[in-house]
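**Student:** Coordinates for the following, if possible.
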Amino acid sequence: MAASSITSLSSRRLKPRAHTRHSAKWTGACLYRSASGGGEKADTRAHAGFRANHHRSPLGSPRYEPIFNELSRIEIFNEKIRHLKAAIDSTTPRVQTLVEGVAGDKLDQPADATQVRQWRLQVAHCLSVDTALLYNNYMRLMIDAGLNFLARLICTICTYPQGSPRAHWVTKILRLWAQRIEIYRREYEIPPGVADDAELPPFARLVDTFDLTFRYRRIQFVMRAINRLYPRLQEPGCRTMTSSTLDALKRRLYQQLNSLRTYQGTGFLRTQTASHACAIFSRTEFKSQAGALPEPDEFVTLHNNEISAVIEQIGMECDFARFTNETDKILGSAEAQAIDSPFRRDLLISYLGFAVWDAVTFPMINMQDPHEALQLTELHEIIVDRISPDDAMTLKPCSAVVKGSGFGGFAGFFSHAARENDYLLGRLHAIDRLLNILASSVERDIPGGIDMRPFKKRAFEIVLREEAKRLPNVAGLIAELQSAVMSL
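**Tutor:** Model prediction:
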């Protein structure tokens, strides 16, 4: 019964919690196991402070124990998420004003994909002109992100390890190439009147072609906007919007996310294209020795046309622009138009104004480790919940107690029966707490919540029936527990 075991469920909303309270909406969690039982009482006060919550727990973990380090890391991560959310909240009024200024009264009327696309491009123009200082830095970071994706792709094709001198050489080549064709510039402005992504200037087309992470961030942002509509289904102004309508929109967005995962490897490239890239960046004459790599300046000068040709071909096979067009179609679809005007307006503002929010938050995200940066884009804090005998109350009237906590937590080493006792109770306590956590996640959406007793009873019965065959030393405890379960 390891008191410091911890399981992290990724992609979850992360908020330090009191021991027995749970968020009505959670998309991820961190659970830690306490094996004490019979110790100090669980603190039931809601929203206890993070460190206070940790130190009140029966674990009492010294600072060198893994669980303390993990919880401290989670708190730092949560603080970053809170900063990002605060930045988004403070920017929201300006975004609303900008989008309303572009779309006008038509924002309250049904809009097809063409109209949505025109609004999106007009918002991009306004952003590039009205906030030029912010936008110039943002666009440069986006160009870097697109070139980094391209460099990773080429390094994978050429079997260059990430972070190796050869990988850095490829990155330098691509950035020099981008400078030569004036992708990098002092000012980045989207011209007025652009009606299609194909009409964008070269720097914007490069971002549109190769920035994979931007697609992730935008789709996730729109899905969060859809999620905010579910609790509003009961509002008086909601007449045509249904849960099924929102589900259909999210399903199409999830399909896009699944399609984007294809580009994490190189399998989407044609063999001919991969061979062409390998022939340019992995030539036989300089592949054998680490010190034989050509100078980037000379290499770009000699092979500029070849580099441009292979990048253009890779861009055609990536075809990221189709995801933008598909998202325009989703926001202009019949499902979106079936949403009542006030709610559809909020959804459109989230999509059309995403670039403004992203210009504020992406520089903050980009400074982080790449793996953590990807988690930060989801804007979910990690919720911490405890699984402890003190919190599992369903079978509390039963006299069963954890026995391994004696002798400073080592009592289980001296008794096989004690280990069987604690193993069985551990399974039952886990069922009790996990079902409570599951029920708490839908309290906001289901009036009165869900009665979990029938589910707990069935799960308890299955565990006790199965474990009765394997735990001969606790037959009396099993009989007592079976009797308690029958009375649920």
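**Student:** any low-confidence regions in this structure?
**Tutor:** Counting by pLDDT under 70, the chain shows low-confidence ranges at 1-65, 283-291, 369-375, 408-409, 444-445, 447.
**Student:** Could you break it into its assigned domains?
**Tutor:** 70-378, 389-487 (the TED database).
**Student:** just checking, what packs against the helix or strand hosting R458?
**Tutor:** Take DSSP states H and E as the rule and R458 turns out to sit in helix 453-467. If you count contacts as 3 or more CB pairs under 8 Å, 6 or more residues apart in numbering; DSSP states H and E, helix 453-467 packs onto helix 416-440, helix 475-486. Yep, even glycine has a C-beta here, placed from its N, CA and C like the rest.
**Student:** which residue is nearest the middle of the protein?
**Tutor:** In the chain, the C-alpha closest to the average C-alpha coordinate belongs to E378, at a distance of 3.3 Å (CA atoms, centre = their mean).
**Student:** That residue contacts I219, correct?
**Tutor:** No. Using CB atoms under 8 Å, E378 is not in contact with I219, being 10.9 Å away.
**Student:** Ranking the helices and strands packed on helix 453-467 by mean neighbour count, which comes first?
**Tutor:** Of the helices and strands packed on helix 453-467, the one with the most neighbours on average (mean count of other CB atoms under 10 Å) is helix 416-440, at a mean of 19.
**Student:** What residues does K80 make contact with?
**Tutor:** M364, Q368, L376 (CB atoms under 8 Å, 6 or more residues apart in numbering).
**Student:** will you turn these into CSV that also has secondary structure and neighbour count?
**Tutor:** Formatted as CSV, the contacts of K80 follow (DSSP: H, G, I helix; E, B strand; the rest coil; neighbours: other CB atoms under 10 Å):
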residue, secondary structure, neighbour count
M364, helix, 14
Q368, coil, 15
L376, helix, 21
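**Student:** Could you export the helices and strands packed on helix 453-467 to CSV, including columns for distance to G101?
**Tutor:** Converted to CSV, those look like this (distance: least, CB to CB, whole Å):
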stretch, distance to G101
helix 416-440, 41
helix 475-486, 63
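**Student:** Between those helices, which one is closest to A468.
**Tutor:** Closest approach to A468 among the helices and strands packed on helix 453-467 (CB to CB): helix 475-486, 5.1 Å.
**Student:** who does the closest one touch, helix- and strand-wise?
**Tutor:** Short answer (3+ CB pairs under 8 Å, 6+ apart): helix 475-486 packs on helix 416-440, helix 453-467.
**Student:** Save those as TSV, and put in distance to C318 too.
**Tutor:** As requested, these are exported to TSV (distance: least, CB to CB, whole Å):
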stretch	distance to C318
helix 416-440	39
helix 453-467	46
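**Student:** which of the residues in the helix or strand Y216 falls within are buried?
**Tutor:** Using DSSP H and E, Y216 falls within helix 212-227. For helix 212-227, burial by neighbour count (16 or more other CB atoms under 10 Å) applies to 212-223, 225-226.
**Student:** C-terminal to the helix or strand encompassing K80, what's the next element?
**Tutor:** Element membership for K80, per DSSP H and E: helix 66-103. Following helix 66-103 in sequence order, the next helix or strand is helix 113-130 (DSSP H and E).
**Student:** can you list contacts of that next one?
**Tutor:** Outside helix 113-130, the residues touching it (CB under 8 Å, 6+ apart) are 98-99, 101-103, 106, 111, 135, 139, 188-192, 194-197, 200, 204, 325, 328-329, 331-333, 348, 351-353, 355-356, 359.
**Student:** Repeat the analysis, applying 7 Å as the threshold.
**Tutor:** 98-99, 102-103, 135, 188-192, 194-195, 328-329, 331-332, 352-353, 355-356, 359 (CB atoms under 7 Å, 6 or more residues apart in numbering).
**Student:** Could you do stretch 458-474 as well?
**Tutor:** By CB under 7 Å, 6+ apart, the residues outside stretch 458-474 that reach it are H416, A417, E420, N421, L424, R427, L428, I431, I478, L481, Q482, V485.
**Student:** try 6 Å this time
**Tutor:** The contact list for stretch 458-474, computed with CB atoms under 6 Å, 6 or more residues apart in numbering, reads A417, E420, N421, L424, R427, I431, I478, L481, Q482, V485.
**Student:** again, but for stretch 172-180
**Tutor:** When contacts are defined by CB under 6 Å, 6+ apart, stretch 172-180 is touched by residues L147, L150, A151, Y184, P296, V300, I307.
**Student:** One more pass at 8 Å, please.
**Tutor:** So stretch 172-180 is contacted by 143, 147, 150-151, 154, 184, 206, 281, 296-297, 299-300, 304, 307-308, 311 (CB under 8 Å, 6+ apart).
**Student:** And it, what's buried?
**Tutor:** K172, I173, L174, R175, L176, W177, A178.
**Student:** try stretch 354-367
**Tutor:** By neighbour count with 16+ other CB under 10 Å, stretch 354-367 contains the buried residues F354, A355, V356, W357, D358, A359, V360, T361, F362, I365, N366.
**Student:** What is the nearest of the residues you listed to S90?
**Tutor:** Of all the buried residues of stretch 354-367, V360 has the smallest distance to S90: 8.4 Å, by CB to CB.
**Student:** Test my guess that that closest one contacts A87.
**Tutor:** Yes. At 5.2 Å, V360 counts as touching A87 under the criterion of CB under 8 Å.
**Student:** re the thing from before, which of the contacts of helix 113-130 are buried?
**Tutor:** Here, 16+ other CB under 10 Å leaves 98-99, 102-103, 135, 188-190, 194, 328-329, 331-332, 352-353, 355-356, 359 buried among the contacts of helix 113-130.
**Student:** wait, what's in contact with Y184?
**Tutor:** When contacts are counted by CB under 8 Å, 6+ apart, Y184 touches R140, I143, R175, A178, F203.
**Student:** redo that, cut-off 6 Å
**Tutor:** Applying CB under 6 Å, 6+ apart, the residues near Y184 are A178.
**Student:** can you tell me how far it sits from E235?
**Tutor:** According to CB to CB, to the nearest Å, Y184 stands 48 Å off from E235.
**Student:** repeat for L481
**Tutor:** L481 is 46 Å from E235, by CB to CB.
**Student:** try E317
**Tutor:** E317 is 46 Å from E235, by CB to CB.
**Student:** cool, L84 as well?
**Tutor:** L84 is 28 Å from E235, by CB to CB.
**Student:** Identify, from the contacts of K80, the entry nearest to A274.
**Tutor:** Q368 (30.9 Å).
**Student:** Let me see the contact set for the closest one.
**Tutor:** Per CB under 6 Å, 6+ apart, neighbours of Q368: none.
**Student:** 8 Å instead, please
**Tutor:** Contacts for Q368 (CB under 8 Å, 6+ apart) come out as K80, L376.
**Student:** swap in A417?
**Tutor:** N473, V474.
**Student:** run the last query once more with 6 Å
**Tutor:** Contacts of A417 by CB under 6 Å, 6+ apart are N473.
**Student:** Then Q337?
**Tutor:** Contacts of Q337 (CB under 6 Å, 6+ apart): P110.
**Student:** how close does it sit to Q115?
**Tutor:** The value you get for Q337 to Q115, if CB to CB is used, is 11 Å.
**Student:** distance of R386 from H429?
**Tutor:** 11 Å.
**Student:** Kindly report the same for E466.
**Tutor:** As judged by CB to CB, E466 and H429 stand 16 Å apart.
**Student:** same thing with L348?
**Tutor:** Computed as CB to CB, the L348 to H429 distance reads 47 Å.
**Student:** again with T114
**Tutor:** For T114 relative to H429 (CB to CB), the value is 57 Å.
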